[in-house]
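Chemist: let's see this in three dimensions:
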Amino acid sequence: MDTTSYLALSRIDTLTRALDVTANNLANTNTDGFKGSRVLFSDYLSKQHNAHGLGSEKTLNYNQDKATYRDNLQGELRTTGNPLDLAINGRGYFAVRTQQGVRLTRDGKFQYSNDGTIVDSAGNPLLDNQNRNITLDPQDIPLRLSVASDGTISTDRGRVGSINLVTVDNTNTLKAEGDHLFRPTTPLRAVDTKEIRQGMLEASNVNPVAATTEMVKIQREYDLNFQLLQKDFTRRLNALDKITSEPTA
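Modeler: Numbering: from 1, shown residues only. Here you go, the predicted model:
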């Protein structure tokens, strides 16, 4: 395999990763609280000395998939009118308790479980500022539920609890689990200023038009590089056929 094939393969490899990431973003354009990912590419420069036997120097440019990072830009807040729909305006994450431990989420679509505990769509309990499950007395559930901007939960009978909002020093250290949960790998800390909006949800921050355009662009570039690889293979195969078919002296 010669240089042309290696260059094309390096680009195809990075484009494959970019296609996977973009497809996942596009599939989650309607997932509340979803944060899109981006692929960071870099170039690996290889200097070829005495290129073509002429004593010159040639630089080859190989592509590398250096990293994938999360776009933490806030999604649009949309009104739903459901008192258990909560959106975070600004920094922070809701903390929920899963079987694997505490996880973070920006998806604020909550509901009541059978025992009155406020849970997410997967049944994970929402935690208060003491890391306890937030559970309402069955007599409180029919009453009007109010969630203040600072996370205080109240009914007509009084205060019920306070929602915990947390964050980490570097949000890119959070490990995604599924479409809306994140596993913290560094210590959690409380958000300085809470701003929770009741009756609203944060939409995915992925722009479907931009994601579709990016996917088409990646697919076209992938096809071009694959065609280049095929042409280079055909060229080398033809050259080999000519060499082997030449009569010996």
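
Chemist: could you find the closest non-adjacent residue to Gly108?
Modeler: What sits nearest to Gly108 in space, not counting adjacent residues and going by CB to CB, 6 or more residues apart in numbering, is Leu86, at 3.7 Å. Every residue, glycine included, has its C-beta placed from N, CA and C.

Chemist: what about the strand or helix carrying that neighbour, distance to the chain center?
Modeler: Per DSSP states H and E, Leu86 falls inside strand 86-88. For strand 86-88, the gap between its own C-alpha mean and the chain's C-alpha mean amounts to 19 Å (CA atoms, centre = their mean, to the nearest Å).

Chemist: which parts of stretch 89-103 are buried?
Modeler: For stretch 89-103, the buried set under the neighbour-count rule, 16 or more other CB atoms under 10 Å, comprises 91-98, 102-103.

Chemist: make JSON lines from those residues and add secondary structure to it.
Modeler: As requested, the buried residues of stretch 89-103 are arranged in JSON lines below (DSSP: H, G, I helix; E, B strand; the rest coil):
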{"residue": "Arg91", "secondary structure": "coil"}
{"residue": "Gly92", "secondary structure": "coil"}
{"residue": "Tyr93", "secondary structure": "strand"}
{"residue": "Phe94", "secondary structure": "strand"}
{"residue": "Ala95", "secondary structure": "strand"}
{"residue": "Val96", "secondary structure": "strand"}
{"residue": "Arg97", "secondary structure": "strand"}
{"residue": "Thr98", "secondary structure": "strand"}
{"residue": "Val102", "secondary structure": "strand"}
{"residue": "Arg103", "secondary structure": "strand"}
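
Chemist: any chance of these in CSV, plus distance to Val191 and pLDDT?
Modeler: Below are these laid out as CSV (distance: CB to CB, whole Å; pLDDT from 0 to 100):
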residue, distance to Val191, pLDDT
Arg91, 6, 93
Gly92, 4, 95
Tyr93, 8, 97
Phe94, 11, 97
Ala95, 11, 97
Val96, 16, 97
Arg97, 18, 97
Thr98, 20, 96
Val102, 15, 97
Arg103, 16, 97
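
Chemist: list just the nearest of the residues you listed to Asn82.
Modeler: Lowest distance from Asn82 to the buried residues of stretch 89-103 (CB to CB) belongs to Phe94, with 15.5 Å.

Chemist: quick check: bridge partners of Ser162?
Modeler: Note on Ser162: beta-bridge partners Thr152, judged by DSSP bridges.

Chemist: contacting residues around it?
Modeler: With contact taken as CB atoms under 8 Å, 6 or more residues apart in numbering, Ser162 is in contact with 128-129, 150-153.

Chemist: can you say which of the residues you listed are buried?
Modeler: Applying 16+ other CB under 10 Å to those, the neighbour count classes 128-129, 151-153 as buried.

Chemist: going by distance to Asn225, which of these wins?
Modeler: Within these, the smallest distance to Asn225 is 50.5 Å, found for Gly151 (CB to CB).
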